[in-house]
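Novice: Sequence plus the predicted model coming up.
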Amino acid sequence: MENDKNILEVRNLQVNFKTYAGDVKAIRNVSFDLRKGETLAIVGESGSGKSVTTRTIMGLNARNADITSGSILYKDQDLLKKSDKEMEQFRGQDIAEIFQDPMTSLDPTMKIGKQIAEPLMVHKGMKKEKALAQALEMMKLVGITDAENRINDYPHQFSGGMRQRIVIAIALINYPEILIADEPTTALDVTIQAQILNLMKELQDKISTSIIFITHDLGVVAGMADRVAVMYAGKIVEYGTVDEIFYNPKHPYTWGLLSSMPTLDSSGDELPSIPGTPPDLLDPPTGDAFAARNAYALKIDTEQEPPFFKVSDTHYAATWLLHPDAPKVTPPAQIVARQKKYAEMQQALVAKQRPSVPVEEEEEQQ
Amino acid sequence: MAKYLAKRIFYLILTLFIVITLTFFLMKLLPGTPLTNQAKLSKSQIALIYEQYGLNKPVWQQYLLYLAGAVRGNFGTSFQFSDQPVSYLLSSRIGPSLQIGLQAMILGVIVGIIVGAFGAMRQNSWVDTTATVVSILGISIPSFVLAVLLQYYLGLKLGWFPIAEWGGFIYTVLPTLALGATPLAESARFVRTEMVDVLSSDYIELAKAKGLSRTGVIYHHALRNSLIPLITIVGPLAVNIMTGSMVVENIFSIPGIGEQFVKSVLTNDYPTIMGLTIIYSFMLCVVLLFTDILYGIVDPRIRITGKAN
């Protein structure tokens, strides 16, 4: 997996938060790659460690965070070995971030032009006039109408969607290699969501940045991401291309997530939900953290942590169900339908090249 | 803006009118008379004096006469000092009071901002704890207690500063310290709370994500946003200094209006009481107007003349 195409390589990351009650193990051995130009979605419910992962990459964790192991390689440099001062060079220059709530993420007392221009002045040592001229260009690029007149306006004079465009302009002004988008559309209403997502896609092509897209909204992922990593209780439990995750999910947690998402052809009266609550990360359970909520849990799930099993070259899942000795289980009806659709897609694709065996049976241990 | 100012000045005059009216009638309820040695005077002498000062007329007539004079800028003659017009008496005394008051305000607020900001930046460290203790002491110790302590230790024991009287900058140091303690403590506490709030806000997070240094974040984003709410307490702080000055000026024998106010109330010097009340209310109104305008200047969200969105 390691090759020149990776712009970011996160390896065996472990982050604890020191609290009075003890150490909260927020990130438990997370590894992933971000390839140049791709969008990687990290999906999971609240508290699964998505945001902590990106905060760690940015070097912006809370003071009680303790990174106990791991490395984050960016251009042959380990970001975890950088001092606070050195990290300032990367932030806003190589790695930028878009935050969740545009209503609160802009300084209420600073003109937006200056807020957009600030990263230029900080990193490029640009004079204010020149930086503002460039900020104006960026405002036009992110689709702020009448940018010339609005550059001296304050955040409160803009709507939520416009403010998120400004936040995007701030993030992209230095053409960062990596853009972290932490639930960038959660606080916006649905019509604006689509606009912002389209804008991000469009700009990604224009300035060729790689995006880490954090969300709990699978509906958003489908249209945005190239690859998806599913996080649960501080771990990645499954990752693969967006098609693989959506149409051929292997981890029961991914099944649960997908089943609880309404689709056009979902039938029945009630939307399924995953029973129970995520485990307490002060004292994570042994074995598979999802076992307690998992209807398909095996005995071994409560005893031993499942390794990643290879599903395809790009698709891995950490569940004992993929072990050759595991009993065959039938996933929820909705997932079966998805897998059937996926198998048909694969067959259609493969039929063009050579006769093939169904994808379903290609499972093997890593 | 001009329209807004005109409106505010109209309200200022209205406020002064109400204050004059209320004070006038309340003052007449004060026990005692302006006469120093009533027992030694005969009835006819008293009547004569009363007539001279117009005190024999019904209260409502006195009130109307006072208003008529005040509108023309005639605030009467002091009862305590013969032939001293109130306007002259007070204008010669307002200087020291203003100097001490402004010094105390500026010193208190500036030092308070520094103490509060450092406390917030090093939250829960010894700096923060010290700042908190200083603010609690500053708020809970009355200025007159502090005045006496300063007088005793810095003035008498160490001899660094004159104990009392008035004669130059060195004489203003102790009263300024005594009066400045409360504004210092109040603004330190206020700035700390605001800054802790601001520092955990999303836009500070974004500023850090831009790659700004720690000091850059504080200077460009945190400070301004934490200081805006401080403007709201400038009015109450001014009141605090004005009331504090009445006692503190007495302790340090400063020939200011605060000291005069106490004397005038004790001697039922009606015209001087009225004059001083007007001065105090006027100063407070001006401070409030000033803070409102300042608010609009530093906070774009409540600017009076802004482009409509």
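Specialist: It's in. Residues are numbered from 1 along each chain as shown, chains lettered A, B, ... in the order given.

Novice: CA atoms for contacts and neighbours, from now on please.
Specialist: Noted.

Novice: Tell me where the model's unsure across the stretch 201-350 of chain A.
Specialist: Scanning the stretch 201-350 of chain A for pLDDT under 70 picks out the ranges A:265-268.

Novice: element containing the closest residue to chain B within it, please.
Specialist: Closest to chain B within the stretch 201-350 of chain A is residue A:212: 15.0 Å, counting by C-alpha to the nearest C-alpha. Here residue A:212 sits within strand A:210-215, counting by DSSP states H and E.

Novice: just how off-centre is that strand within its chain?
Specialist: Here strand A:210-215 is found 4 Å from its chain centre; the criterion is C-alpha atoms, centre = their mean, to the nearest Å.

Novice: rewinding a little: neighbours of the residue of the stretch 201-350 of chain A closest to chain B, how many?
Specialist: 22 (other C-alpha atoms under 10 Å in any protein chain shown).

Novice: In contact with it: list those residues for me.
Specialist: By C-alpha atoms under 8 Å, 6 or more residues apart in numbering or on different chains, the contact set of residue A:212 is A:34, A:39-42, A:178-181.

Novice: If we use 10 Å, what do you get?
Specialist: By C-alpha atoms under 10 Å, 6 or more residues apart in numbering or on different chains, the contact list for residue A:212 reads A:34, A:38-42, A:54, A:97, A:178-182, A:225, A:227-228.

Novice: Out of those residues, which comes closest to residue B:238?
Specialist: residue A:97 (44.3 Å; C-alpha to C-alpha).

Novice: Show me what the residue lying closest to that closest one once chain neighbours are set aside is bridged to.
Specialist: Closest residue to residue A:97 apart from its sequence neighbours, by C-alpha to C-alpha, 6 or more residues apart in numbering or on different chains: residue A:180 at 4.5 Å. Using DSSP bridges, the bridge partners assigned to residue A:180 are residue A:97, residue A:212.

Novice: which non-adjacent residue is nearest residue A:47?
Specialist: residue A:233 is the one closest to residue A:47 (C-alpha to C-alpha, 6+ apart), at 7.1 Å.

Novice: Residue A:6 now?
Specialist: Closest residue in space to residue A:6, ignoring its immediate chain neighbours: residue A:35 at 4.2 Å, by C-alpha to C-alpha, 6+ apart.

Novice: My guess is the one you found contacts residue A:75. True?
Specialist: No. Assessed by C-alpha atoms under 10 Å, residue A:35 is found out of contact with residue A:75, at 11.9 Å.

Novice: okay, now residue B:36: neighbour count?
Specialist: 13.

Novice: State the phi and psi torsions of it.
Specialist: Here is the backbone geometry of residue B:36 (degrees, to the nearest 10): phi -80, psi -40.

Novice: okay but it is in contact with residue B:46, surely?
Specialist: No. Using C-alpha under 10 Å, residue B:36 is not in contact with residue B:46; the gap is 11.2 Å.

Novice: re earlier: report the contact partners of the residue nearest to residue A:97.
Specialist: So, once contact is read as C-alpha under 10 Å, 6+ apart, residue A:180 ends up touching A:39-41, A:51, A:54-55, A:57-58, A:95-99, A:171, A:210-214.

Novice: again, but for residue B:109
Specialist: Contacts were defined as C-alpha under 10 Å, 6+ apart; by that measure residue B:109 touches B:103, B:115, B:180-188, B:191, B:230, B:234, B:237.

Novice: And it, what's its pLDDT?
Specialist: The model reports residue B:109 with a pLDDT of 93.

Novice: Which helix or strand contains residue A:339?
Specialist: Per DSSP H and E: residue A:339 is located in helix A:333-351.

Novice: Tell me the buried residues in that helix?
Specialist: For helix A:333-351, the neighbour count (16 or more other C-alpha atoms under 10 Å in any protein chain shown) marks A:334-336, A:338-339, A:342-343, A:347 as buried.

Novice: Same check on stretch B:161-181?
Specialist: In stretch B:161-181, counting by 16+ other C-alpha under 10 Å, buried: B:161-164, B:166, B:171-181.

Novice: which non-adjacent residue is nearest residue A:256?
Specialist: Using C-alpha to C-alpha, 6+ apart and skipping the chain neighbours, the partner closest in space to residue A:256 is residue A:274 (5.7 Å).

Novice: Is it correct that that neighbour is in contact with residue A:293?
Specialist: Yes. Look at residue A:274 against residue A:293 with C-alpha under 10 Å: they come within range, at 7.1 Å.

Novice: residues shared between the contacts of those two?
Specialist: Common neighbours of residue A:274 and residue A:293 (criterion: C-alpha under 10 Å, 6+ apart): A:253, A:256.

Novice: can you give me the helices in the stretch 201-309 of chain B?
Specialist: Here the stretch 201-309 of chain B has its helices, by DSSP state H, counting those that start in this stretch, at B:202-209, B:214-217, B:223-227, B:234-251, B:257-266, B:270-298.

Novice: The stretch 51-200 of chain B too?
Specialist: Counting by DSSP H, counting those that start in this stretch, the segments of the stretch 51-200 of chain B that form helices are B:59-71, B:86-91, B:94-121, B:126-140, B:143-150, B:169-199.

Novice: Among these, show me which one is buried the most.
Specialist: Among those, ranked by average contacts under mean count of other C-alpha atoms under 10 Å in any protein chain shown, first place goes to helix B:169-199 (a mean of 24).

Novice: Show me what that one is packed against.
Specialist: Other helices and strands packing on helix B:169-199, by 3 or more C-alpha pairs under 10 Å, 6 or more residues apart in numbering or on different chains; DSSP states H and E, are helix B:94-121, helix B:126-140, helix B:143-150, helix B:223-227, helix B:234-251.
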